[in-house]
Structure formats: C-alpha cells, structure tokens
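J.: predicted model follows, preceded by the sequence.
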Amino acid sequence: MTTTVSPATRDIVLRSLLGHRLYLACHGGPPGGSGAHEYSAAPYQRQPVSFVQRGEGMANTSEVRFIMPDAAVRWLGLWDAQNGGRFIMAADTQQRTLALGDTYVVPAGAVRIAVRTD
C-alpha cells in the first residue's frame, strides 16, 4: 500500500495509525473500500497487530496467527476493531488454501505500510 504525500502528511498518517489499536483480517477476495470478503466462519477471528515506524512507513512487530475455517486467503485487511469497526486498508498476498483448523501465520515484518514523500 503506497501513496506519495508531503513529509508532514506522512507524519500525521503514521502517528494516527501507530496511536490506535489495530486488527489484522483475512479476506478471500478483494476487500474494496468496505472490507468485503472477510472470513467470518468459526474459528476465524481478527487478530491484534502492533506496528513500529520504519523509515517512511511502518511494519508489524510480531507474528500474527489465525486459526482458519476452510479458506483461501488472498488479501489481508487492517481494521480498527476486533468485531465490526472501520475498515482502514488492505493489500493482496500470495494465496494460501487452508483447511478447517489450519493456522495461517503472518511473519513479523511482513505487513508493511509505506507512505512515500518522493
């Protein structure tokens, strides 16, 4: 997820995101602007994710684990609540097909949000 903005705008965006509790979600199709196609079948649920600022962006600080239903994860979404809440953004990822009870792991540093100023 990349956009080009002024350094002041970058700092505002990063401070805003870093200052909130955020949750990572798995989506089977393009989330669009609303967060569509998020999995909802048990045992899946959004997982808390923490970020640290790195250069012109931020990256997740630790591994995030999801226990999944039968699913094909293709997108990761960022939300401001574990249930409901507001959809913030998403990025596509390499598709992975999972069976009920499989664990989908997002490694530390794999979720990077860059706000470019060049």
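T.: That came in fine, so what should we check first?

J.: which strands or helices does the lengthiest strand in the chain pack on?
T.: Of all segments of type strand in the chain, defined using DSSP state E, the longest is strand 87-98. Applying 3 or more CB pairs under 8 Å, 6 or more residues apart in numbering; DSSP states H and E, one finds that strand 87-98 makes contact with strand 71-79. Where you see a C-beta, it was placed from the backbone N, CA and C, and this is true even at glycine.

J.: where in the protein is pLDDT low?
T.: For the chain, applying pLDDT under 70 flags the ranges 1-4, 118.

J.: can you give me the helices in it?
T.: Here the chain has its helices, by DSSP state H, at 7-18.

J.: tell me how many other residues crowd Val73.
T.: 21 (other CB atoms under 10 Å).

J.: pull the contacting residues for the closest residue to it other than its chain neighbours.
T.: Nearest residue to Val73, sequence neighbours excluded (CB to CB, 6 or more residues apart in numbering): Cys26, at 4.6 Å. Residues counted as contacts of Cys26 (CB atoms under 8 Å, 6 or more residues apart in numbering) are Glu38, Tyr39, Tyr44, Phe66, Met68, Ala71, Val73, Trp75, Leu76, Gly77, Tyr104.

J.: against Phe87, how distant is the last one?
T.: I take that to be Tyr104. Taking CB to CB, to the nearest Å as the measure, Tyr104 falls 19 Å from Phe87.

J.: which residues belonging to stretch 39-57 are considered buried?
T.: Tyr39, Tyr44, Arg46, Gln47, Val49, Phe51, Glu56, Gly57 (16 or more other CB atoms under 10 Å).

J.: can you lay out those as CSV showing distance to Arg112?
T.: Formatted as CSV, these follow (distance: CB to CB, whole Å):
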residue, distance to Arg112
Tyr39, 23
Tyr44, 23
Arg46, 19
Gln47, 17
Val49, 12
Phe51, 9
Glu56, 10
Gly57, 6
